[in-house]
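Trainee: no letters, just coordinates:
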C-alpha cells in the first residue's frame with residue numbers, strides 16, 4: 001500500500017492593501033442593491049379630453065415653420081345703420097294751378113318691419129313728411145302718386161303703400177282748397193348717390209268748363225345730401 005502524501009496547507013496572509021479593497025467592495029455592493037430597488041418611475045403627462053380627442057393643456061405648439069397652430073376667428077357682423085330724422089322747411093309750388101307742398105321732415109334708414117325682411121338688404125326705407133295745399137281756383141287735386149324721390153342720377157322712385165300706417169299716417173289726396181298732412185315712403189336702393197331730390201310731377205290739366213289747358217309741370221327740391 002502506498003502511503004498518502006501529506007501536503008502542508010499554508011494559509012494565505014492578507015496584507016493591509018487586501019483588507020482595504022475588501023472593505024470598499026463590502027460598502028459598494030449594498031448601495032448598488034438599494035439603487036436597483038428604488039429607481040424613479042417617469043410621471044406621465046396629464047391630458048385633457050376634448051370634443052375631438054385628448055389634448056395637452058398649455059400654449060399652442062409652433063409647427064415646423066415656426067408659426068402657431070391655426071385658430072378660428074369670428075368676424076363681427078356689420079352693424080345696421082340707425083334711423084336719422086332731419087327737420088326741414090322746403091317748398092314746392094305749382095304756380096299755374098296754385099298747388100303748394102312743404103317738406104317738414106325726412107327720415108333715413110327706417111328699420112324694416114319684422115314681417116317684411118325680403119328687401120332689407122337691397123333697399124333703404126326713406127320717409128318724407130309733407131303738408132300739401134291744393135289750389136282753390138280749379139278742381140285739380142294733388143295725389144300722393146304725383147311725388148317721386150330721385151337719388152343722384154338714378155331713376156326716380158315712386159312712393160310705396162306696402163307699409164300702410166306702420167311708420168305713420170300716409171299722405172292723403174288733397175282736393176280743391178284742402179290741406180293734407182302725412183308721410184310718403186320710398187324704397188331707395190342702398191348706397192344710392194346723393195343728393196336726394198323730391199319732385200312734384202303734376203300731369204297736364206284741362207279745365208272742363210272752359211277747355212283751358214295747362215301743360216304738365218315738374219318741380220323739385222333737394223331734401224338730403
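Mentor: Sure thing, it's come through. In this text the structure is predicted, and so the values were computed from the model without any measurement.

Trainee: tell me where the chain has helices.
Mentor: Per DSSP state H, the chain has helices spanning 16-37. These are given in chain order.

Trainee: at which residues are the strands of it located?
Mentor: Along the chain, counting by DSSP state E, strands occupy 48-50, 53-55, 84-94, 99-110, 123-133, 147-151, 179-189, 196-202, 205-206, 213-214, 217-224.

Trainee: can you give me the pLDDT of the residue nearest to residue 146 when sequence neighbours are not counted?
Mentor: On the basis of C-beta to C-beta, 6 or more residues apart in numbering, the spatially nearest residue to residue 146 that is not a chain neighbour turns out to be residue 201, at 5.3 Å. Placement of C-beta: from N, CA and C, glycine included. In this prediction, residue 201 carries a pLDDT score of 98.

Trainee: shouldn't residue 201 be in contact with residue 218?
Mentor: Yes: contact criterion C-beta atoms under 8 Å: residue 201 and residue 218 qualify, at 5.2 Å.

Trainee: those two: which is more packed in?
Mentor: Under the criterion of other C-beta atoms under 10 Å, the comparison of residue 201 against residue 218 puts residue 201 first, with 16 against 12.

Trainee: how near is the more buried one to residue 122?
Mentor: 25 Å (C-beta to C-beta, to the nearest Å).

Trainee: what of residue 85?
Mentor: Here the criterion is C-beta to C-beta. By it, residue 85 lies 23 Å from residue 122.

Trainee: what does residue 132 give?
Mentor: Note on residue 132: its distance to residue 122, by C-beta to C-beta, is 30 Å.

Trainee: who has more neighbours, those two?
Mentor: Using other C-beta under 10 Å, the more surrounded residue of residue 132 and residue 122 is residue 132, with 25 against 10.
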